[in-house]
Each structure stands twice: as structure tokens, then as C-alpha cells.
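Novice: Here is a sequence together with a model predicted from it:
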Amino acid sequence: MEIIDNTNDTWKLGDIVIDNDGRKGIIKKDKDNDFVIVRIDETHVGDYFNGLAYEAGINMYGLQRKASEFHKVNDNNGNEEWQLGDVVTDGINYGLVITDDCSDYMVLNFKGNNQYTTDQTSSYDSIEELQDYYPTWHKVNAKLVIE
């Protein structure tokens, strides 16, 4: 696991963070719209929400200050391979990896900003170039249901 940011740059929803003790979490919002570091490792127990979260704050700035021992990481070390049809997210927006009519690769947003539009999306010759353009996005498990 590679630390990609140990400065004071602002975290975003969906960022993976870790501390020197190996406590690993993801930045999420709870039902009250507070920001939390939700535990995603199996070794440690958090201090909040019955052990499921490491830290909480009323805004991202407050969370980052309270949890200053945590640093953003690149959990997949650049080894995540996207394919056509993958659902990807940055923690706020969700999109589908598709090709346009010129066989170039792009992300079609279907939840979040610019839903179901491609006019504000760039296209790329390869999936690798597409991933480079979306460095904070990652694949999520998704299931297509046709009724």
C-alpha cells in the first residue's frame, strides 16, 4: 500500500486513509451528514458507532484535523484494471466505463454531477489513459438488474 498524500490537502468522500498503526478506513457521511472514517480493516476496533468508525467530524476540515494521524493512500497501488461495463466512482459521482461512436473510452456518469450526459466527458484511446484521467476513481461492485 502506497501513501499518496501525507500533506494537509483536503480529503474527499471515498478516500481511503490509514494511520501508522494500520487502522484503515474510508471517508463517508453518516445519516446526520457528519463525516466519518469508517473502519475497513478486520484487525482494529474504532472508537465510534459501536466500533465501526475511527473518527467523526461535522465537516471534512474538522474530521481531518481530529484524525491528523491518518493519511490518504492508494490502496490498489495502480493495479486496478478497468474493463468496459465497470461501474466506477469517486465517492460522490458514479459512472459506467463505455466506448463512444469512435471506439474511444469514456465514463458515462449516471449518478451525481452531469448525469446521463457525455458532452462534458473526454474520451481516450485506451482504458489506461482513461484511468489516468480519473486518478481518484475506483471500481465498485455493481449488478445489472433487468426486469
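Specialist: On my side now, so go ahead. Numbering: from 1, shown residues only.

Novice: So, low pLDDT: which residues of this protein?
Specialist: 1-9, 74-79, 117-121 (pLDDT under 70).

Novice: ok, which stretches of this protein are helices?
Specialist: Assigned by DSSP state H, the chain shows helices spanning 60-66, 127-133.

Novice: Make TSV out of those and add distance to residue 104 and mean neighbour count.
Specialist: (Each C-beta comes from the backbone N, C-alpha and C, glycine too.) Output for the helices of the chain, formatted as TSV (distance: least, Cβ to Cβ, whole Å; neighbours: other Cβ atoms under 10 Å):
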stretch	distance to residue 104	mean neighbour count
helix 60-66	34	16
helix 127-133	9	16
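
Novice: For residue 80, which of those helices is the nearest?
Specialist: Ranking those by proximity to residue 80 (Cβ to Cβ) places helix 127-133 first, at 7.5 Å.

Novice: got the helices of the chain as CSV, with distance to residue 25 columns?
Specialist: Shown next, in CSV, are the helices of the chain (distance: least, Cβ to Cβ, whole Å):
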stretch, distance to residue 25
helix 60-66, 11
helix 127-133, 24
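
Novice: Relative to residue 90, which of those is closest?
Specialist: Among these, helix 127-133 sits nearest to residue 90 (Cβ to Cβ), with 11.9 Å.

Novice: which residues are in contact with the closest one?
Specialist: 80-84, 97, 105-107, 122, 124, 137 (Cβ atoms under 8 Å, 6 or more residues apart in numbering).
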